[in-house]
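1. Everything below, folded, please.
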Amino acid sequence: MSFTTRGTFPPVIIDDVRGAQKMLTGVARVTALEGSRYLSRLVSAPVHLKCENLQRTGSFKLRGAYVRISGLRPEERAAGVVAASAGNHAQGVALASALLGVHSTVFMPQGAPLPKVAATREYGAEVRLHGQAIEETLEAAQEYARTTGAVFIHPFDHPDVIAGQGTVGLEILEQCPEVRTIVVGVGGGGLIAGIAVAVKAVRPDVRIVGVQAAGSAAYPRSLAAGRPVTVEAPVTMADGIKVGRPGDVPFALVRDLVDEVRTVTEDELSSALLLCLERAKLVVEPAGASPVAALLSDPDSFEGPVVAVLSGGNVDPLLLQRVLRHGMAAAGRYLSLRLRLTDRPGALAGLLSALSAVDANVLDVSHVRTDPRLGLSEVEVELRLETKGPEHCTEVTAALWTAGYEVVSQG
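-> Numbers count the residues shown, from 1 in each chain. Now for the predicted structure:
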């Protein structure tokens, strides 16, 4: 089996992935495959979570980085390696280089989360902060490679990297030999391309589904065009799959081997991350939760047993806080209301009592008296409530209307 790839790169075949698996023995963990009762009930078939969020460095990236650096010639190792990344690839390259005794320089955006910068340094890399956007950081790393002779380690567009990531697919086949569908988050395409090479060579009947964030979905339009197409200014909270253009090498493999690439919304990503935390007790970054988001959005379209690859768990605590809040709102767990009351003693206490009667937990209250839109005897109250789901939100709102309260807006 062969594939058309860019330049002189050889095709990636199952033997490459098997060789990578041997190389990674004792380096990368064979991560757990955990069943999910909630998702299994939803899909009406067994659903398992492949926990690459529990891999060393917190993502699958170590696999490809180690295989790529292992394949360097002695003179290339002596020159060191350089990479550009906002997080997961940075840490994978840093640890792989340290294990192989190779000096690594990693360029990261100036706004990269501090925990990721600190972790990359602790794994042994020399970190240089450059640029606000990852494109600027990438250019700086490539210029460094040109001027110093360091080998640039691409996060996804190289056969060795793809072979390393493909070891996830071999593990899935070993851990769940009856698998019928594998769902994988897609950025540049290295992970899904590697999994597809490994799985389709052994089990061509297994359906492989890629998932992209709707605001950063380069693959659907690239596959339609028959060539990699760039998405200008991709936007998504899932920075691990926020890639504006597919890699040339993985694109050819995805085109030939992957059955479908679909998209999910930001609300669906938030809900999926919340589900992983609450139901599976797993900390997963938004990119890693994208396969779960796809299952939640259209559960009837997956034939089981299903394996969803949780590709990473490196989420900045501040982002996690925002995403969880967003996810709870998307799941109907938060309700924001703006009401008008008569400005008299006890009016606010009466409102809070009415909310208590329907078991709504008040998180924030804002009491406004000086808005020019208000009448002389009116006040406006803004509330943020913790609720139990969409039906409870409807119940709370209906109870307030029944009690005579004017609900100006809700969300």
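2. lowest average confidence, helix or strand, in the protein?
-> Across the helices and strands of the chain, the lowest-confidence element by mean pLDDT, DSSP states H and E is strand 406-410, at a mean of 71.
3. tally of neighbours for Leu277?
-> The number of residues packed near Leu277 is 17, by other Cβ atoms under 10 Å. All C-beta atoms are positioned from the backbone trio N, CA, C, and that covers glycine.
4. Surely it is within a strand?
-> No. Assessed by DSSP: H, G, I helix; E, B strand; the rest coil, Leu277 does not belong to a strand; its assignment is helix.
5. Tell me how far the nearest residue to Glu139 once chain neighbours are set aside lies from Glu260.
-> Using Cβ to Cβ, 6 or more residues apart in numbering and skipping the chain neighbours, the partner closest in space to Glu139 is Gly131 (7.6 Å). Per Cβ to Cβ, to the nearest Å, Gly131 is found 35 Å from Glu260.
6. Val365 too?
-> 47 Å.
7. And Lys50, by the same measure?
-> Taken as Cβ to Cβ, the span from Lys50 to Glu260 is 18 Å.
8. cool, and Ala145?
-> Taken as Cβ to Cβ, the span from Ala145 to Glu260 is 36 Å.
9. just Val284 next, same as before
-> 22 Å.
10. Neighbour count for these two, which is higher?
-> Comparing Val284 with Glu260 by other Cβ under 10 Å, the one with more neighbours is Val284, at 28 against 15.
11. Can you tell me the SS state at that one?
-> Going by three-state DSSP: Val284 is coil.
12. distance of it from Gly190?
-> 19 Å.
13. residue contacts, Ala96?
-> By Cβ atoms under 8 Å, 6 or more residues apart in numbering, the contact list for Ala96 reads 62, 65-66, 68-70.
14. right, I mislabeled it, should have said Val93
-> With Cβ under 8 Å, 6+ apart, Val93 has these contacts: 61, 65, 69, 81, 83, 85, 104, 106, 125, 153.
15. Which ones among those residues map onto strands?
-> 81, 83, 104, 106 (DSSP state E).
16. returning to that earlier point: output the contacts of Ala96 as CSV; include the columns neighbour count and pLDDT.
-> Shown next, in CSV, are the contacts of Ala96 (neighbours: other Cβ atoms under 10 Å; pLDDT from 0 to 100):
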residue, neighbour count, pLDDT
Leu62, 29, 97
Ala65, 34, 98
Tyr66, 26, 98
Arg68, 26, 97
Ile69, 25, 98
Ser70, 18, 97
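17. buried ones in stretch 160-178?
-> Of all the residues in stretch 160-178, those buried under the rule 16 or more other Cβ atoms under 10 Å are 160-173, 176.
18. Quick check: mean pLDDT of that stretch?
-> In this model, stretch 160-178 carries a mean pLDDT of 98.
19. Kindly check the end-to-end length of stretch 122-135 for me.
-> Taking Cα to Cα, to the nearest Å, stretch 122-135 runs 25 Å from one end to the other.
20. Give the rounded mean pLDDT of it.
-> 88.
21. just so I have it, where are all the strands in the stretch 101-250 of the chain?
-> 104-108, 126-129, 151-152, 181-185, 207-213 (DSSP state E, counting those that start in this stretch).
22. In TSV, list those strands along with mean neighbour count.
-> As requested, the strands of the stretch 101-250 of the chain are exported to TSV (neighbours: other Cβ atoms under 10 Å):
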stretch	mean neighbour count
strand 104-108	27
strand 126-129	16
strand 151-152	17
strand 181-185	28
strand 207-213	26
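23. Next, format those strands as TSV and append distance to Ala198.
-> Below are those laid out as TSV (distance: least, Cβ to Cβ, whole Å):
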stretch	distance to Ala198
strand 104-108	27
strand 126-129	33
strand 151-152	25
strand 181-185	10
strand 207-213	10
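24. and Val197, which of those strands is closest to it?
-> Set against Val197 and scored by Cβ to Cβ, the strands of the stretch 101-250 of the chain come closest in strand 207-213, at 10.3 Å.
25. Direction included, what does that closest one pair up with?
-> With DSSP bridges as the test, strand 207-213 is paired with strand 181-185 (parallel), strand 260-264 (parallel).
26. Adding distance to Glu406 and mean pLDDT, write the ones you listed out as JSON lines.
-> Formatted as JSON lines, the strands paired with strand 207-213 follow (distance: least, Cβ to Cβ, whole Å; pLDDT from 0 to 100):
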{"stretch": "strand 181-185", "distance to Glu406": "45", "mean pLDDT": "98"}
{"stretch": "strand 260-264", "distance to Glu406": "37", "mean pLDDT": "97"}
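27. out of those, nearest to Glu303?
-> Across these, closest to Glu303 is strand 181-185 (Cβ to Cβ), at 5.4 Å.
28. can you give me the offset of the helix or strand hosting Asp15 from its chain's centre?
-> Assigned by DSSP states H and E, Asp15 belongs to helix 14-23. Put simply, helix 14-23 sits 26 Å off its chain's centre (Cα atoms, centre = their mean, to the nearest Å).
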